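Participant: Let's see this in three dimensions:
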Amino acid sequence: MLREIHAMLPSQPLFYLADQAHVPYGKRQIQEIREFAFTITKFLAGKGAQVIVVACNTASAAALKELRIEFPELTFIGMEPAVKPASKTTHNGIVGVLATPATFQGKLFHTLVEKFAHDVKILTHTCPGLVEAIEAGELSSNNTRQILQRALIPMMDNGADTIVLGCTHFPFVVPLIKDIVGPNVAIIDPSPAIAKRVSYLLNELKLIKRFSLKAEILYSTTGNKEKFKNDIHTLLGVDTAPIKVEWINRNLTQKEGEIDNNA
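Facilitator: Numbering: from 1, shown residues only. This is a model prediction of the structure:
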């Protein structure tokens, strides 16, 4: 997601916060995820953010509607499983969706299915352990392959010709997914569409930056800085000096002495 937005808007300053202290969100209760989302939004608004991408399907399903009500002065762009494009892509009307339990439990997913895929057979799988494997940098390990095989092979056996990636971690293992499902199965990653939406809204709000030097991305994490630094290098091929942000009494605070040196 971040990679797609930066590629489309290279001059736009971006602040990326990874709540690694609480991942994976998919196993948590919706109210807890909503509380995290509210606090993170307050922190990002304090950094000057006017447009916030909720770059997590689980958090979008749990909190996007409430965020827009609570923070009307901000513009939010959320993630949703790409059920609509999948329903247009499938040739046989059978679609597989990979997402977290919380995404499937949310009203958003069921609304999308009822609205855009009522005549499509939807097969779902929560891929237990996949987010953790990707966070650990296991993008092509036997463990990751086995997790994906348990999800994808039954879908293929039931005729799925289209697979939706319903978690922002999952695009990192697209090569492995393609190897398992073969060339005749379409894989839908919503990230490019979200990047286009970000560009459109920034233009509409007159916030887009043009004709300037390539902007740096400011990376921050609520988890271990060294681990996050290694994760960013493994997943994005980027070397960075991340900022440490701490959860203290349910609030977020930038650790004393940390400097926004990538801004």
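
Participant: hang on, Leu218 packs against Ala18?
Facilitator: No: judged on C-beta atoms under 8 Å, Leu218 makes no contact with Ala18 at a distance of 11.7 Å. Where C-beta positions appear, they are placed from N, C-alpha and C, glycine not excepted.

Participant: Asn184: helix or strand, and which one exactly?
Facilitator: Under the criterion DSSP states H and E, no helix or strand holds Asn184.

Participant: show me the contacts for it.
Facilitator: If you count contacts by C-beta atoms under 8 Å, 6 or more residues apart in numbering, Asn184 has them with Asp161.

Participant: ok, the closest residue to Ala117 other than its chain neighbours - how many residues close by?
Facilitator: Computed as C-beta to C-beta, 6 or more residues apart in numbering, the closest residue to Ala117 that is not its neighbour in sequence is Ser87, at 4.4 Å. For Ser87, the neighbour count with other C-beta atoms under 10 Å is 21.

Participant: all helices of the stretch 101-250 of the chain, in order?
Facilitator: Assigned by DSSP state H, counting those that start in this stretch, the stretch 101-250 of the chain shows helices spanning 101-105, 107-116, 130-135, 142-157, 174-181, 191-204, 225-236.

Participant: In this protein, where is pLDDT below threshold?
Facilitator: Along the chain, segments meeting pLDDT under 70 span 210-214, 256-263.

Participant: what comes up buried for stretch 217-224?
Facilitator: Residues 217-223 are the ones in stretch 217-224 that count as buried (16 or more other C-beta atoms under 10 Å).

Participant: can you redo the helices of the stretch 101-250 of the chain as JSON lines with mean neighbour count and distance to Val53?
Facilitator: Listed next are the helices of the stretch 101-250 of the chain as JSON lines, based on neighbours: other C-beta atoms under 10 Å; distance: least, C-beta to C-beta, whole Å:
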{"stretch": "helix 101-105", "mean neighbour count": "21", "distance to Val53": "16"}
{"stretch": "helix 107-116", "mean neighbour count": "15", "distance to Val53": "16"}
{"stretch": "helix 130-135", "mean neighbour count": "21", "distance to Val53": "19"}
{"stretch": "helix 142-157", "mean neighbour count": "16", "distance to Val53": "26"}
{"stretch": "helix 174-181", "mean neighbour count": "16", "distance to Val53": "20"}
{"stretch": "helix 191-204", "mean neighbour count": "16", "distance to Val53": "6"}
{"stretch": "helix 225-236", "mean neighbour count": "16", "distance to Val53": "16"}
